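Student: this one's structure only:
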């Protein structure tokens, strides 16, 4: 397993751009990597929490944000965030042991992050996440529907080797 945080790239920039549309009291980024999105979120949320398996190497995230060394969000209370965001390791495989980019079996890590997001987001909150075109979005849509959420595409960007997409999951209203 690599001890280095994920360094921001085109995927992080696309997610960060989508996150500028959100504000509220509290937000969580699961798998916060180097913490770049935490800085953006801190502009519009009172409480900002990031989790990751490794400590960020940059220190800017410390301004107005919180960071927890954790696997996902298992250590956090249920139903307490207005927004939960993540850019999971979505590349299939675990050959190098680099948990920053490799997601294990197909959808293993994205689905685990999604499950934690559904548990930690409050009733009126939203979940925003990024995946690439190698991801079975219909399987993620099914997981959303099973949990009572509706999934919609927010943004996409084609790079020379993949298409990145940001999705929003919102709890369906009851009744």
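Tutor: Thanks, I have it. Note that the structure is predicted; figures quoted are calculated from it, not measured.

Student: Go ahead and flag the most central residue of this structure.
Tutor: Closest residue to the average C-alpha location of the chain: residue 86 at 0.5 Å, with Cα atoms, centre = their mean.

Student: Now that it has come up, it's in contact with residue 117, right?
Tutor: Yes: assessed by Cβ atoms under 8 Å, residue 86 is found in contact with residue 117 at 6.5 Å. (C-beta placed from N, C-alpha, C; glycine too.)

Student: and the gap between the closest residue to residue 47 other than its chain neighbours and residue 33?
Tutor: Leaving aside its chain neighbours, residue 47 sits nearest to residue 26 (4.2 Å; criterion: Cβ to Cβ, 6 or more residues apart in numbering). Using Cβ to Cβ, to the nearest Å, residue 26 is found at 20 Å from residue 33.

Student: before we move on, the earlier item: joint contacts of residue 86 and residue 117?
Tutor: 30, 129 (Cβ atoms under 8 Å, 6 or more residues apart in numbering).

Student: Where does the prediction get shaky in this structure?
Tutor: For the chain, the stretches with pLDDT under 70 are 1-8, 58-62, 90-106, 174-175.

Student: Which stretches in it count as helices?
Tutor: Taking DSSP state H to define them, one finds helices in the chain at 10-19, 36-41, 108-120, 137-146.

Student: of all those, which lies closest to residue 75?
Tutor: Closest to residue 75 of the helices of the chain is helix 108-120 (Cβ to Cβ; 10.1 Å).

Student: contacts for that closest one?
Tutor: For helix 108-120, contacts defined as Cβ under 8 Å, 6+ apart pick out 28, 30-31, 72-74, 76-81, 84, 86, 88-90, 103, 127, 129, 131, 135, 139-140, 143-144, 147, 149, 169.
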